[in-house]
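> Here is my input, please return the structure:
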Amino acid sequence: MALIAYPEPAWVPPRVTASGEKVLDVLVVGAGQGGLVTLFALLRDRVTNILAIDRKPEGAEGPWRDFARMVTLRSWKTVTGPDLDIPSLTFQSWFEAQWGAPAFAALDKIPKEMWAEYLLWYRRILSLPVRNGVELVSLAPGAEGLAATVREGPREYTMLARKVVLATGIETPGRWWMPEFVAALPRHLRAHTAEAIDFAALAGRHVAVLGAGASAFDNAATALEHGARVTLCCRRPALQRVQPYKQISNAGFFRGFPHLPDAQRWRWMNHLLTVREAFPRETWERASRHAGFTLRTGTPWLGARAVGQGIEIETPSGPLHADFVICGTGFEMDVSALPALSPHAHLIATWADRYVPPAGEENPRLARFPYLTQGFALTEKIPGTASWLADVHLFSFGATASFGPSGSSINAMKFAAPRLAQALAADLFVADAEAHYQALVAYNTPEFALPGDA
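As a prediction, this is how the structure comes out:
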């Protein structure tokens, strides 16, 4: 790190309130992989008055020890991201330093818990400024910066920041979704894949899973591994076995996609979000190897009701009886679902406010994504009504429509995080341009002394 320390000085003028309170230059909400790489990218540009907060304890950030129920990452083991092209910071270097190159060669994909350990090492080796156990409650504009109300234990207080980055992965901004008739079932009979599930309690029971994606299959496999019998249903007539993102995992797409006209960006993401991602072979084999696994394609759920101690699910081919249901039905984009943004949702522009697709390309799901600037910032629905939104940056799944895979993607991180950090640094400089100019004019340090100098 010392070898690439140019330029060396921190350059952002410090700001304090009239009462002497320090104002952060950037507050990052979330200290998972997206938040950590944002901190690192900012520090490389010598933006140092920064902090990340995370509601979870240290080492538990992100989904890896929570609702991520895959065995390994779905990316291949040599994909780089948080390292920002510094070889000694890559996962491979971290792994080989402990277990050697032959062990890495024998490794198939990265176990999810090992990825969490790597991210914790990454945070510590770079001394990234993170405060755990702190949750964002609300966000509002103020005369001296953005006012972020946070909760730490029983205490609530306000932190001031010039910029706020929401780096909360797949969960921002929106909600996990399931059909209303499933949500109406008694709580002990159903769950979403993103929720805590007592899989041990499902042993010997019949579990019905709805969904055709990787999360649905991961949860089905986890239930099978705990002794349940599982029927997985999806409305598609066949499973998606082609991974379209492999075709676009290149520098051209990651760098160029944000520069495409809206019509092209819409067409690309409409296709990608419609065909969805395929899950890897290991995920299929993990579920299908169990004798108690049944796959029913072309079987949407039309309704569900509690019957006795279980559930009766209505399908086109007749009722399906189960003891418990799990919905792997994904995520619904909704700016108002994030408590910190909910009061301001009516001010925030979505793609529906900025672009009208041609006939045949309509996609209500895509239309709900926030419409972002080239610097990942939120935009106003009506110009002149909320200029402060330009200081709120979204580095999460919510950036997908505007940037493609970015804030929640390991594959795209090495391209997206520097773009975000560069935008933040540029905004900070422009806001302080007059102060920087006056410092330039006043700069009067000779490069060398002359005879007679005092």
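> Using CSV, write out the CA atom coordinates for the strand or helix carrying residue 267.
Using DSSP states H and E, residue 267 sits in helix 262-275. Extracted in CSV, the C-alpha atoms of helix 262-275 (Å, rounded to 0.1, in the frame of the first residue of the first chain):
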residue,chain,number,x,y,z
ASP,A,262,-31.8,4.9,-21.7
ALA,A,263,-33.5,2.9,-24.4
GLN,A,264,-30.6,0.5,-24.7
ARG,A,265,-30.1,0.2,-21.0
TRP,A,266,-33.8,-0.6,-20.6
ARG,A,267,-33.7,-3.2,-23.4
TRP,A,268,-30.7,-5.0,-21.9
MET,A,269,-32.0,-5.1,-18.4
ASN,A,270,-35.5,-6.0,-19.5
HIS,A,271,-34.0,-9.1,-21.2
LEU,A,272,-31.7,-10.0,-18.2
LEU,A,273,-34.4,-9.6,-15.6
THR,A,274,-37.0,-11.5,-17.6
VAL,A,275,-34.9,-14.5,-18.4
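> hmm, who's touching it?
Outside of helix 262-275, the residues within contact range by C-beta atoms under 8 Å, 6 or more residues apart in numbering are 240, 242, 244-245, 257-258, 260, 351, 354-355, 357, 361, 363, 365-366, 400-402, 404. All C-beta atoms are positioned from the backbone trio N, CA, C, and that covers glycine.
> what distance separates that helix from the centre of its chain?
Between the centre of helix 262-275 and the centre of its chain there are 19 Å (C-alpha atoms, centre = their mean, to the nearest Å).
> How far does the following helix or strand past that helix sit from its chain's centre?
The element immediately downstream of helix 262-275 (helix or strand, assigned by DSSP H and E) is helix 281-288. Computed by C-alpha atoms, centre = their mean, the separation of helix 281-288 from the middle of its chain amounts to 25 Å.
> Ok, stretch 64-75 next?
For stretch 64-75 - counting by C-alpha atoms, centre = their mean - the centre lies 14 Å from the chain centre.
> Flag every buried residue along that stretch.
Across stretch 64-75, burial judged by 16 or more other C-beta atoms under 10 Å covers 64, 67, 68, 69, 70, 71, 72, 73, 74, 75.
> Residues contacting that stretch, please?
Contacts for stretch 64-75 (C-beta under 8 Å, 6+ apart): 59-60, 62, 108-113, 115-116, 119, 193-196, 214-215, 218-219, 221-222, 279-280, 282-283, 286, 410-411.
> quick one: the helices in this structure?
33-44, 91-99, 101-106, 112-125, 180-183, 214-225, 251-256, 262-275, 281-288, 351-354, 364-367, 400-403, 410-431, 433-442 (DSSP state H).
> Just the mean pLDDT for stretch 446-454, thanks.
Mean per-residue pLDDT for stretch 446-454: 88.
> And stretch 86-97, by the same measure?
Stretch 86-97 comes out at a mean pLDDT of 97.
> Repeat that for stretch 241-257.
Average pLDDT, stretch 241-257: 88.
> Quick check: the gap between residue 402 and residue 419.
According to C-beta to C-beta, to the nearest Å, residue 402 and residue 419 sit 11 Å apart.
> Among these two, which residue is more densely surrounded?
Using other C-beta atoms under 10 Å, the more surrounded residue of residue 402 and residue 419 is residue 402, with 23 against 20.
> Wait, that one touches residue 366, no?
No. The pair residue 402 / residue 366 is not scored as a contact, 10.8 Å apart, by C-beta atoms under 8 Å.
> For these two, list the residues in contact with both.
Common neighbours of residue 402 and residue 366, counting by C-beta under 8 Å, 6+ apart, are residue 351.
> OK, contacts around the closest residue to residue 190 other than its chain neighbours?
Closest residue to residue 190 apart from its sequence neighbours, by C-beta to C-beta, 6 or more residues apart in numbering: residue 325 at 4.7 Å. Counting by C-beta under 8 Å, 6+ apart, residue 325 makes contact with 182, 185, 189, 190, 191, 207, 208, 209, 210, 304, 311, 313.
> Specify the beta-bridge partners of residue 325.
In this entry, residue 325 is beta-bridged to residue 190, residue 208, by DSSP bridges.
> Make residue 1 into 306 and carry on from there
Okay, residue one is now 306; in that scheme the one you just asked about reads as residue 630.
> Got the confidence number for it?
pLDDT, residue 630: 98.
> pLDDT score assigned to residue 325?
Residue 325 is given a pLDDT of 89.
> One more: the one 10 residues further on?
For residue 335, the model assigns a pLDDT of 96.
> any shared contact partners between residue 707 and residue 724?
563, 681.
> still on that earlier bit, next, format the buried residues of stretch 369-380 as a markdown table and append distance to residue 320 and pLDDT.
Conversion of the buried residues of stretch 369-380 to a markdown table gives the following (distance: C-beta to C-beta, whole Å; pLDDT from 0 to 100):
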| residue | distance to residue 320 | pLDDT |
| --- | --- | --- |
| 369 | 36 | 90 |
| 372 | 38 | 86 |
| 373 | 38 | 87 |
| 374 | 44 | 90 |
| 375 | 43 | 92 |
| 376 | 47 | 91 |
| 377 | 45 | 91 |
| 378 | 40 | 91 |
| 379 | 42 | 86 |
| 380 | 39 | 85 |
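> how about JSON lines for those residues, with distance to residue 446 added?
Shown next, in JSON lines, are the buried residues of stretch 369-380 (distance: C-beta to C-beta, whole Å):
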{"residue": "369", "distance to residue 446": "34"}
{"residue": "372", "distance to residue 446": "33"}
{"residue": "373", "distance to residue 446": "35"}
{"residue": "374", "distance to residue 446": "39"}
{"residue": "375", "distance to residue 446": "40"}
{"residue": "376", "distance to residue 446": "45"}
{"residue": "377", "distance to residue 446": "43"}
{"residue": "378", "distance to residue 446": "38"}
{"residue": "379", "distance to residue 446": "39"}
{"residue": "380", "distance to residue 446": "38"}
